[in-house]
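K.L.:
Starting from these lines, generate the structure:
(2 chains)
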Number of protein chains: 2
Amino acid sequence: MTLTLTPVPGLPMFQPGQKLSQILLRAMESAAINIEDDDVLVVAQKIVSKVEGRLVNLNDVIPSARALELAQVTGKDPRFVELVLSESSEVLRTRFNTLIVEHRLGFVCANAGIDHSNVCGPYGNPDDWTLLLPIDPDASAAQIRQDIQAATGKNIGVLIIDSHGRAWRMGVVGAAIGVSGLPALVDKRGDPDLFGYQLRVTTIAAADELAAAASLVMGQADEGQPVVHVRGFPYPLREGSLRELIRPRDLDLFR
Amino acid sequence: MTLTLTPVPGLPMFQPGQKLSQILLRAMESAAINIEDDDVLVVAQKIVSKVEGRLVNLNDVIPSARALELAQVTGKDPRFVELVLSESSEVLRTRFNTLIVEHRLGFVCANAGIDHSNVCGPYGNPDDWTLLLPIDPDASAAQIRQDIQAATGKNIGVLIIDSHGRAWRMGVVGAAIGVSGLPALVDKRGDPDLFGYQLRVTTIAAADELAAAASLVMGQADEGQPVVHVRGFPYPLREGSLRELIRPRDLDLFR
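P.N.:
Have a look, this model is predicted:
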């Protein structure tokens, strides 16, 4: 089956307090993008965070001693580092320009996923604003899914994604940070394929593969495409969660 | 623009010595998949390795002392470990069931990407056969591209992919191991998007994002879909290489 990823055109600048699902439904209707059963909507983290009001002004942050210390090592604003620490359960790697943490949500990423560049808060200097990840991205995804299912009567999945670096490879790729209504992992252990190869892989990170695919479409960010409509996701939809993707500490190859 | 990924149906079992491009062209013609300028073909590593004759019978391998030692730690066949060592420039992590190396091609992966399960060699016990990665996947991709461009007159990209695990996250995702005619990395440093967010990301691993997307489509491997036709890759095609994706040792966060 063909997999089709279509950016939803005509989305506005998002503001805290807006109802994302309502805006998405309207934009998809205008663009003649129909929602069908088993479709998936992929949503960039930044617009979810924005409507959920996860903006923090750096002038409201008082850095701790630990933040001051890490700011020295990384060359980052101590107030920004304080925010990163407040969103993290562990600091894993620091060097100049690099601050890799375990996010309180369990995954590993740089800067706890906090945006700090031209975030455009409601007042003052744009440079003072940062944008934190949603409080509970699985719940954010579930809410969007529930609203869209209620409006359309269709059974869909919703995926919230961010861009993550990798330990071993250059460049960032889209990665799932919130999952509702689709499998994050798909177990293919032992399935032989038609070509007679036993599958070497054990478990496919389907939600991360879809996140990367949608990120490719969003990547032309100067065209502003934070939502992607997906048809042809090849696995049966089911309840899913970011938690499936988090490597248990004892299997972590990094620490 | 919509990104469309379509598996090429009707591909045969591949054999050493076959001309991959010829078989692909025939299969695409039968399936009425037209090649246009700027299309990309994504090809699973295993069929490239197979036609290139990268099969090795474990009975032809004599394990070194180092292989015997690592076989003990990992619980793997010492002859298999010997092959992994012969394809690697460095062993990075070992534990039971786990052998993470830097492949001689420069990237980090488990088992040097060697398949050892039901590989189906030309004779004897299937369990004795292994399948190594192509000698030079960039060159393999370039050859397929050149052949298809010569036959169709269209300017395309060709990507060879494998499935890789990640240090921090569960499950495998598609990753580029051979690149020709498309950018592996796309530099988006400093581009602001229409929503007024300065892009926090620096460089997008576009080839890995496409690899993950195609892997999602191939993932239904019981249906046998090792080649995916892509329309709508959102970046301008150019010469490209796996080398762009390899993190220089001094920037590696793992070692």
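
K.L.:
Now do the strands in the stretch 1-150 of chain A.
P.N.:
For the stretch 1-150 of chain A, strands defined by DSSP state E, counting those that start in this stretch occupy the ranges A:3-7, A:40-44, A:55-57, A:88-95, A:98-103, A:108-110, A:129-131.

K.L.:
The closest residue to A:Ala142 other than its chain neighbours and A:Asp37, how far apart?
P.N.:
Closest residue to A:Ala142 apart from its sequence neighbours, by Cβ to Cβ, 6 or more residues apart in numbering or on different chains: A:Ser180 at 4.1 Å. From N, CA and C alone the C-beta is placed, and that goes for glycine too. Using Cβ to Cβ, to the nearest Å, one gets 15 Å for the distance from A:Ser180 to A:Asp37.

K.L.:
Which of these two has more residues huddled nearby?
P.N.:
In terms of neighbours (other Cβ atoms under 10 Å in any protein chain shown), A:Ser180 is the more surrounded of A:Ser180 and A:Asp37; the figures are 25 against 11.

K.L.:
What about the more buried one? Give its phi and psi, please.
P.N.:
Phi and psi for A:Ser180, reported as degrees, to the nearest 10, are phi -150, psi 120.

K.L.:
A:Leu5 against A:Met218, yeah?
P.N.:
No - the criterion here is Cβ atoms under 8 Å, and A:Leu5 misses it with A:Met218 at 9.3 Å.

K.L.:
Now the common contact residues for the two.
P.N.:
Common contacts of A:Leu5 and A:Met218 (Cβ atoms under 8 Å, 6 or more residues apart in numbering or on different chains): A:42, A:228.

K.L.:
Next, count neighbours for A:Met13.
P.N.:
13.

K.L.:
quick revisit: any idea which of the strands of the stretch 1-150 of chain A is most buried?
P.N.:
Burial of the strands of the stretch 1-150 of chain A is given as mean neighbour count (mean count of other Cβ atoms under 10 Å in any protein chain shown); strand A:40-44 ranks first at a mean of 25.

K.L.:
I'd like to check the angle between it and strand A:3-7, please.
P.N.:
Relative orientation of strand A:40-44 and strand A:3-7, computed by axes from the mean of the first three to the mean of the last three Cα atoms, to 10 degrees: 40 degrees.

K.L.:
Which strands or helices does strand A:40-44 pack on?
P.N.:
helix A:20-30, helix A:137-152, strand A:157-164, helix A:206-218, strand A:227-231 (3 or more Cβ pairs under 8 Å, 6 or more residues apart in numbering or on different chains; DSSP states H and E).

K.L.:
deepest of these, which one?
P.N.:
Of the helices and strands packed on strand A:40-44, helix A:206-218 is the most buried (mean count of other Cβ under 10 Å), at a mean of 30.

K.L.:
Does chain B have contacts with it?
P.N.:
Yes - using Cβ under 8 Å from any Cβ of the partner chain, helix A:206-218 reaches chain B at A:206, A:208-213, A:215-217.

K.L.:
got JSON lines for the residues you listed, with pLDDT too?
P.N.:
Output for these, formatted as JSON lines (pLDDT from 0 to 100):
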{"residue": "A:Ala206", "pLDDT": "97"}
{"residue": "A:Asp208", "pLDDT": "98"}
{"residue": "A:Glu209", "pLDDT": "98"}
{"residue": "A:Leu210", "pLDDT": "98"}
{"residue": "A:Ala211", "pLDDT": "98"}
{"residue": "A:Ala212", "pLDDT": "98"}
{"residue": "A:Ala213", "pLDDT": "98"}
{"residue": "A:Ser215", "pLDDT": "96"}
{"residue": "A:Leu216", "pLDDT": "96"}
{"residue": "A:Val217", "pLDDT": "95"}
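
K.L.:
hang on, isn't the residue nearest to A:Ala142 packed against A:Asp147?
P.N.:
No - A:Ser180 lies out of contact with A:Asp147 (Cβ under 8 Å); the separation is 11.2 Å.

K.L.:
Select, out of the strands of the stretch 1-150 of chain A, the one closest to B:Gln45.
P.N.:
Proximity to B:Gln45 (Cβ to Cβ) singles out strand A:3-7 among the strands of the stretch 1-150 of chain A, at 19.9 Å.

K.L.:
Output that closest one as PDB, restricted to C-alpha atoms.
P.N.:
Coordinates of each C-alpha in strand A:3-7 appear next as PDB, following Å, rounded to 0.1, in the frame of the first residue of the first chain:
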ATOM      1  CA  LEU A   3       2.000   5.800   2.100                       C
ATOM      2  CA  THR A   4       1.000   9.400   1.500                       C
ATOM      3  CA  LEU A   5       2.100  12.400   3.600                       C
ATOM      4  CA  THR A   6       0.400  15.700   2.900                       C
ATOM      5  CA  PRO A   7       1.100  18.900   4.800                       C
END
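
K.L.:
Look up how far chain B lies from A:Leu92.
P.N.:
9 Å (Cβ to the nearest Cβ, to the nearest Å).

K.L.:
Same check on A:Ala141?
P.N.:
In terms of Cβ to the nearest Cβ, A:Ala141 sits 17 Å off from chain B.

K.L.:
Next one: that residue from A:Val186, what distance?
P.N.:
18 Å.

K.L.:
same question, A:Glu82
P.N.:
Computed as Cβ to Cβ, the A:Glu82 to A:Val186 distance reads 39 Å.

K.L.:
Likewise for A:Leu237?
P.N.:
From A:Leu237 to A:Val186 the distance is 11 Å (Cβ to Cβ).

K.L.:
Which one's more surrounded, these two?
P.N.:
Shown here are A:Leu237 and A:Val186; by other Cβ under 10 Å, A:Val186 has more neighbours (22 against 17).

K.L.:
Show the model's pLDDT score for that one.
P.N.:
At A:Val186, the model reports a pLDDT of 95.

K.L.:
Check A:Cys109 too.
P.N.:
pLDDT for A:Cys109: 94.

K.L.:
hey, what's the closest residue to A:Gln45 other than its chain neighbours bridged with?
P.N.:
Leaving out its chain neighbours, the residue that sits closest to A:Gln45 by Cβ to Cβ, 6+ apart is A:Asp162, at 4.4 Å. Beta-bridge pairing for A:Asp162 (DSSP bridges): A:Ala175.

K.L.:
I'd say A:Asp162 and A:Val172 touch.
P.N.:
No - using Cβ under 8 Å as the test, A:Asp162 is too far from A:Val172 to be in contact (9.0 Å).

K.L.:
No further questions, thank you.
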